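> How does the following fold in three dimensions:
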Amino acid sequence: MTQSRDLPTTDAEWKEKLGLERFEILRRGGTEQPFTGVYWDEKNPGTYSCAGCGTELFRSDTKYESGTGWPSFWEPIDKDRIVEVEDRSMGIVRVEARCAVCDGHLGHVFPDGPQPTGLRYCLNSASLDLAPD
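Purely as a prediction, here's the structure:
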């Protein structure tokens, strides 16, 4: 796993590191508007990492066009890099995807993705960084 070893510990440090938009998404569980993030229609090959800590999370060969307006993947690099948490914040039960290293909010996981997993990791572009191949 590739990640930063010196993670912020306070909200002020996280805001300084991430900027306001990324802080609101990664640390406060916000969501960017569909079709506005930088990666929703990204086609270049590479590895997507957590914008909070640098942990490599998804490869571009598992990314697909879900029609949702957010970058979607059918499988993480390793399931241990993602923590799944029940989310009842919108009056419905969803599964939130969080970075296992820094606990940053990435997005949600839905059971309507393509095979072979049948999963759709629907993520915020602002929670990710792409390192092109």
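> And V85, how close does it get to E42?
26 Å (Cβ to Cβ, to the nearest Å). C-beta coordinates here come from the backbone N, C-alpha and C atoms, glycine included.
> Could you list the low-pLDDT ranges of the chain?
Per-residue confidence for the chain (pLDDT under 70) gives these ranges: 1-5.
> now do 80
1-5, 90-91 (pLDDT under 80).
> where do the strands sit along it?
46-50, 56-59, 63-64, 72-73, 82-87, 94-99, 105-110, 120-123, 128-132 (DSSP state E).
> what would those strands look like in a markdown table with mean neighbour count and distance to L20?
Below are the strands of the chain laid out as a markdown table (neighbours: other Cβ atoms under 10 Å; distance: least, Cβ to Cβ, whole Å):
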| stretch | mean neighbour count | distance to L20 |
| --- | --- | --- |
| strand 46-50 | 22 | 18 |
| strand 56-59 | 22 | 22 |
| strand 63-64 | 18 | 26 |
| strand 72-73 | 26 | 25 |
| strand 82-87 | 14 | 22 |
| strand 94-99 | 20 | 19 |
| strand 105-110 | 23 | 15 |
| strand 120-123 | 25 | 19 |
| strand 128-132 | 17 | 17 |
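> what's the closest of the ones you listed to E24?
Minimum separation from E24 across the strands of the chain (Cβ to Cβ) falls at strand 105-110, 9.5 Å.
> distance between that closest one and the chain's centre?
Remark: strand 105-110 is offset 6 Å from the chain centroid, using Cα atoms, centre = their mean, to the nearest Å.
> That one pairs with which strands?
If you go by DSSP bridges, strand 105-110 pairs up with strand 94-99 (antiparallel), strand 120-123 (antiparallel).
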